[in-house]
Structure formats: structure tokens, C-alpha cells
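J.: Here's a sequence, model it:
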Amino acid sequence: MPHDDAVPIGEGWARHNAEMLVHPPSQVYFAQRGDQRGKYLLKSEDGNWVVCPAPHVGADCPIEVKAAAASMLRPTDGKMSSEKLDRSVVLADMPKTARLALKFPLGFLDTPACCYALFTGLRRSAGAAHWCASQFHQRLLREVAKKIHGWWDSEAEMPEELMYRGSHVGSLSKVLKELLEALDRDLIQGPHGLGGCDGVVAILVGENLVTAAVGQASATLLFQGAEALPLVPLLGQEEEESEDTKTTSAESAAISQLRLGQASEKGALLDTGGLRRAKCAWDASEATDVDEDPVSRMLRAPDAFSVLGISEKGPEGTAEVKTAYKRLALRVHPDKVRNCDPDDAKAAFARLDAAARIVEALCEHNADICRELRRVLRFDPFTVKGACQLLQVEQDADDSQVSKAKDDLKQKLAKAQLLEALSEVQRGIDACITAAETLGIARQGAPGAVGERLLAEGVPVASLTALGLRDLRHIGGRLQVRTAAYRAGEEVRVALCSGATAELPLQHLEEPANLCLWQPKAAALQWASQALTLPGRQDSSAASICICIREREDDEVEEERAPKRQRGVSGPRSVRLRHLLLRCAEPGKPLPEDPMARRRKVQTTRTPTEAEGELVALLRGLLSEPETGDEDNRMAFRRLCQLRSECSSAEGAGQLCGDLGWVSRGQSEPSFEQAAFSLRKGEFSDVTTTSRGVHLIQRIA
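T.: Residues are numbered from 1 along each chain as shown. Below you'll find the model as predicted:
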């Protein structure tokens, strides 16, 4: 580069032409030469250059952050369930991940820069949760890279020179909301669209913490010695509801008031498994089952034809409709029915009366179209088989054939859009569109019958605003993203909960957080364990993420610390440690060989989950002790090491019991080193897993 060329701020610049560089993700240009030399530029819609501010120079905020996710499986018949429904993402260093995995820098971010996500699968399937977790951080990092003028959610905090250039400045709340909405759109149009997942995500840039939640999920701030503060509460628990929230709450309330097994006008029903479509529990052959209770059948019938018990071929004329009405009216009239709830009888009679008017009007208008609508509504458009039968195409039909069949059917049904039958005709048109979408998704490699099995699985009403759930979108389900921001300039714990853990009372979150101030995994494990004991929940797993934030202790002056940070080294070069080890192995496997294991006989059937549970109990015992001096603290841990540790270091005499001596960087496994070198003197580590087992570490010097 010639000496007179101007040099831009930061990394990631590429050559655009002889005079300019470009930052590809943000499309900000920098003039090295010429009339605009030294200026940062944007290209306007008319092709002209517009001067913009210089990129943000990332600042290092004086806070420490440690976070961990924890998941627990529900024991069944003495064994752990194999259905883990949750997936989590914990990125402790976003710039490092972007550089290594995506090959671009994020040097303009304030630090620390971290992101977290927790997704919990619905309908007893983790497919949607797994897909969302795999997509979340990749999409987030690409979006973050597009804004190099900083990230601000409050105009009060935004530098004055950026106030009038808001389009160039990133909003963390906006990017999380748009990211979750994009995930939802792609999820619904993909092979896992019939599944769904609750989710909560968070991003911390400097002291700016922003969270977003969908479905049954929440984010809570936990302060030592103070009441918990819901940052993103569960839907319906907000102090001030937005218009969007009020609409969603009203829809959920209407659905939740349905009686067991009763269909709504849109085809939703409730059963012991939660909300699902009436179509899932309905078979056309049941329409002619004379032994079935007619009130129950009408309440769960998915359409007007099914209410009347019209044959699969459809009515021959209005006479058939009138006959069906008269036959059934005597059986469901509120004054004639016995051994039935009066309200159910009234609801069934009202559905019968409305159905008769709809079908009779359709027959009088055009009997052929009426029969075609009956045929269309018989099939489930969310299954491949049902979609093929509805559109009358083969399963291997190409896009053009499917599209033509859909358009032809829609045009035919549209001719019967009478005022009396608008809702029923529209349901048929929607079914045609859905059937075409189903076949399009199937060609992408959808999981077929396995995926369609999810249609029969219920969904909690609280999760209707979650990601996915394609088949419930027209009967009460709709995505709603709730966001909130917080200035994390003080010591705080943040609980990210999804699914079962989101139902935990605040006091159940507070107690572990007040005890485990710098042990996020221990706190998250306790929350997950408590969630599995909640009455009425049958989840096969429970999970949470705990984020611990505190002010950084820094004995070094800034001038000495800065060069160290540039080399990627911070903190002490060596620490003296004492640790307690519990050995463990996956279920059915023997303990691995360990030349440093204690010679005495140890438990041989302990699983990692059991080892973590034991270690959390030991840690709680240590942290629950009244305030004592460092020496008493060390003595208590020495005794515990002598009694419980399965490492040969526990055989040391006196003060050497459990002592590992001075440990330098690079001498131990990464997880052990990371835990050890983040400790302050006298502090206990979090639950730490290595190839040897599960550790509890104390820094003694």
C-alpha cells in the first residue's frame, strides 16, 4: 500500500477498485485516494456517493460474563428418558466464532460480545428445535456484521453524530425480532414445519443485554438480596400488554374455554394433549357411525358436511340435506337430549342448524360444486396422501402439475362463494393452497410419515405463539416475538427459560441464583430439575440457560492490560488449585481408565447426569455455610475432597489433600483451564466436565 493511502478503521476491508475499499457485509466504502480520500461512503439508490460516519471503535467494558446451559431428562421406570427435546447455543465470544467459523471479523463490537439461545421442541419432537439452534447463530453473526456504526436500542445512548443516520445503526431488539420471524418463515416452509418449538434468545454487546422470546419462554433478571424482575415475562403476564399481545391473549382465552373434545368454528379442539386440529381426530367413516353420540360427533366435526353426516360423495340435492337435518335435529335438540350437558346440546344444535343452511344454499346454487367442496374437505391437506387425493395428482407430480391442479380447484370453488357459505368455501380454497404447499415441502425431503405423526400431537395453548406449528396457524396459532433490553452494568444473573422451566415460580429461580453467584451451570441444573417436578407437566426433558454478569476485578493498570488483550491473554499465567473429582461414564459403559484415579474402590455405575447432581449437592453445601474466613473455607473443602474425591490428589496429607499445585495455561483440558482461570482467590468453580469426570475446583492462590 502506498504511503499516502488513507487507512480505514478496523478489519474486514476488501479492494473495490484502485481508489476504494469496501466492507462487504455492511457495504460501507472507504476512499483511500482521490477527492473523497479518508471518507467513509455509502452508495445511494440513485448511484451517488453519500458520506457516512466512521465505523464504531469497539470498547472493552469492565464486566465479566459466564454462562452455561443445562438439560435434564425425566426418569422413566428407573431410567432416563431418551427424548431430549431442547437444544441450546452458548457463544461466549462472538467475534472469535465469526472469525474462525464464518471467516469475517466483528472488531467494531463492544466487548464482551456473547449470544445465547434455547429452543424446546413441541409435539414430542426435537426436529424444529434442532433446526432453529443450528441456524440461529449463523444468521445472527451475518446480521451483526452488516452494521459497523455500533448497536444501539435507545436514542438517549446513541452518539449525536449518528442520530440522523439511524438506518446505518443497528438495533439489537430489531435484529433479534427479525431473525426469529425469518426462522419461523423458513421453518414452516421446510420439512420440520409441522413441528414447532418455544424459544428464548439473548445477545450481550458491551453492557447492552437484549432478549427475545416466542411461545412458552421467558427471561428473568435475578439480583442478590432483591426480588426477581421478569425481563421478558410469559405471554399474558406483562404489566402493560401491547395491542398485539391483547389480540393473542384473547384468541388463546377463547380456545382454552372450549370443552374437552369440542371443535371451534375454525376446526380447533382441546384434548388432554393440548390444542390440535379437529381433522386429526376425525375420520370420514365416523360420519355414518350411528352408534356414536351425535352431540359429541357434531362438536368435533371439522366442517358442515361432517356435521350433517353427508356421505363422501356429497349430497344429491337439497332433499338429502333436509332429511339429514330432520333426522339429527330430533337427536340433538336441547329439549330432547338426555344424559348430556345442556350447553353441549345447545352448541351441537346450533352447529347443525348452521350446517344445514350452508349446505342447502350450496346445493341450490350449484350441486356439482357443492359435491366437489365436500370431496375437498374430506382430505387432510397437511399429509402427503391427503394432499394428493385432494388435488387429484400423483405423489411424484412436478411443480407445474400441482400448481395447475390447485388453480383449477380454486377457480371452481370460487364460483360458489355465497354469503351464507363464505367460511366453508374459503376453508376449501385454503385447503387447496395448503395441499400444494405440503407437496412442495415433501419434495424438499420432508420426514414423511414420521413428520405427519406430529399432527396428532397436542400443543399447549401457551405455546401457540411459538415457532412452526404450520397446521395450527389458521386456528389460533400465530408467531409473536416479545423483546426487552437491559443495561447490564451491575452484578446480576439472567435466567433464560423455555418450555417447562418457563413455568417455574420466580422464587424457584431466585434461590439457586442467590446461592450460585458465579456457577451458572449449577443454577441451570437446579432449575431444570425443579421443572420436571411441576404438577401437570409431562415433558421428557427440561432445560435452561443461566448467564452470570459481574464487575471485573482488575489489578493491572490499563496500559499494561491492553497489550495483553491484543495477544489474547488475560488474567494470571498460573493458579494454584484444589479439586474434587467424581468419575462417571455413559449408561452401560465402564469407567474409563484413569492413571490418576484414587486407589480406593469407587462407585462404578455413576452416569454424567448423576455425577452432576451429586456435585451440585456438594457445592450447595459449601456455599450454604455461613460467612467464614478463607482458611475455614479451604478446610471445609479439604475435608470434602478427602471424603468424596476420586482423584489421587485426595490422598495428599493435611493441607495437600486435593491440591493440584500450581497449574499453568496449556497444562489441562480446555474446559478445566477455562473454569480454573476465571476464578478469583478462594472461589469455587461451576460444575466442570472433562474426560476424567466431573470436577469442583477451588482456586487457593
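J.: Okay, and Gly451 sits in which element?
T.: Gly451 is located in helix 448-452, with elements delineated by DSSP states H and E.
J.: just checking, Ser125 touches Leu454?
T.: Yes: if you go by CB atoms under 8 Å, Ser125 and Leu454 touch, sitting 5.7 Å apart. From N, CA and C alone the C-beta is placed, and that goes for glycine too.
J.: Looking at those two, which is more packed in?
T.: The neighbour comparison of Ser125 against Leu454 (other CB atoms under 10 Å) goes to Leu454, with 28 against 23.
J.: A helix includes the more buried one, no?
T.: Yes: the assignment for Leu454 by DSSP: H, G, I helix; E, B strand; the rest coil puts it in a helix.
J.: ok, now how distant is it from Gly190?
T.: Separation of Leu454 from Gly190 (CB to CB, to the nearest Å) stands at 14 Å.
J.: picking up where we left off before, any shared contact partners between Ser125 and Leu454?
T.: With contacts defined as CB atoms under 8 Å, 6 or more residues apart in numbering, the residues shared by Ser125 and Leu454 are Gly195.
J.: For the longest helix along the chain, give the mean pLDDT please.
T.: Looking across the chain with DSSP state H, the single longest helix is helix 342-365. For helix 342-365, the mean pLDDT works out to 92.
J.: what residues does the next helix-or-strand element following it touch?
T.: Once helix 342-365 ends, the next helix or strand along the chain (criterion: DSSP H and E) is helix 367-378. Helix 367-378 is contacted from outside by 284, 302-303, 305-306, 310, 312-317, 359, 362-363, 390, 409, 412-413, 415-416, 424-425, 427-428, 431-432, using CB under 8 Å, 6+ apart.
J.: Quick one, which of those are buried?
T.: Listed as buried from the contacts of helix 367-378 are 302-303, 305-306, 310, 314-315, 359, 362-363, 390, 409, 412-413, 416, 424-425, 427-428, 431-432; burial here means 16 or more other CB atoms under 10 Å.
J.: In helices, which of those fall?
T.: Using DSSP H, the buried ones among the contacts of helix 367-378 in helices are 305-306, 359, 362-363, 390, 409, 412-413, 424-425, 427-428, 431-432.
J.: Looking at these, which is nearest Gly468?
T.: Minimum separation from Gly468 among these (CB to CB) is found for Ala431, which lies at 19.8 Å.
J.: ok, that closest one - contacts?
T.: Contacts for Ala431 (CB under 8 Å, 6+ apart) come out as 376-377, 379, 381, 390.
J.: If you rank the residues you listed by neighbours, which is first?
T.: Among the contacts of Ala431, Leu390 has the most neighbours (other CB under 10 Å), with 27 neighbours.
J.: where along the stretch 551-700 of the chain do the strands fall?
T.: Using DSSP state E, counting those that start in this stretch, the strands of the stretch 551-700 of the chain run over residues 574-582, 659-664, 688-690, 693-699.
J.: list the buried ones in the longest one?
T.: Burial within strand 574-582, assessed by neighbour count using 16+ other CB under 10 Å, is assigned to 575-582.
J.: Give me the contact list for it.
T.: Identification of contacts with strand 574-582 by CB under 8 Å, 6+ apart yields 606, 611, 614-615, 618, 634, 637-638, 640-641, 644-647, 649-650, 657-665, 676-677, 679, 692-701.
J.: for the last one, same thing?
T.: Residues outside strand 693-699 that contact it (CB under 8 Å, 6+ apart): 575-584, 608, 611-612, 615, 618-619, 634, 637, 646, 672, 675-676, 679-685, 687-689.
J.: Pull out the CA atoms of it and give them to me as PDB.
T.: Extracted C-alpha coordinates of strand 693-699, given in PDB (Å, rounded to 0.1, in the frame of the first residue of the first chain):
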ATOM      1  CA  GLY A 693     -15.300 -37.000  35.000                       C
ATOM      2  CA  VAL A 694     -17.000 -34.100  36.700                       C
ATOM      3  CA  HIS A 695     -14.900 -31.600  38.800                       C
ATOM      4  CA  LEU A 696     -15.400 -29.000  41.500                       C
ATOM      5  CA  ILE A 697     -12.400 -26.600  41.600                       C
ATOM      6  CA  GLN A 698     -11.300 -24.100  44.200                       C
ATOM      7  CA  ARG A 699      -8.600 -21.500  43.500                       C
END
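J.: That strand to strand 659-664, inter-axis angle?
T.: Using axes from the mean of the first three to the mean of the last three CA atoms, to 10 degrees, one finds that strand 693-699 and strand 659-664 are set 80 degrees apart in direction.
J.: Roughly how far does Cys584 sit from Glu612?
T.: Per CB to CB, Cys584 is found 8 Å from Glu612.
J.: Looking at these two, which one has more neighbours?
T.: Per other CB under 10 Å, whichever of Cys584 and Glu612 has more neighbours is Cys584, with 24 against 21.
J.: Contacts only, for that one.
T.: Contacts for Cys584 (CB under 8 Å, 6+ apart) come out as 591, 606-608, 610-611, 693-694.
J.: Spatially, which residue comes closest to it, not counting chain neighbours?
T.: Nearest residue to Cys584, sequence neighbours excluded (CB to CB, 6 or more residues apart in numbering): Ala611, at 3.9 Å.
J.: What score does that neighbour have for pLDDT?
T.: Note for Ala611: predicted pLDDT of 95.
J.: Give the residue farthest from the middle of the protein.
T.: Relative to the centre of the chain, the most outlying C-alpha is that of Ala319, 53.3 Å out, by CA atoms, centre = their mean.
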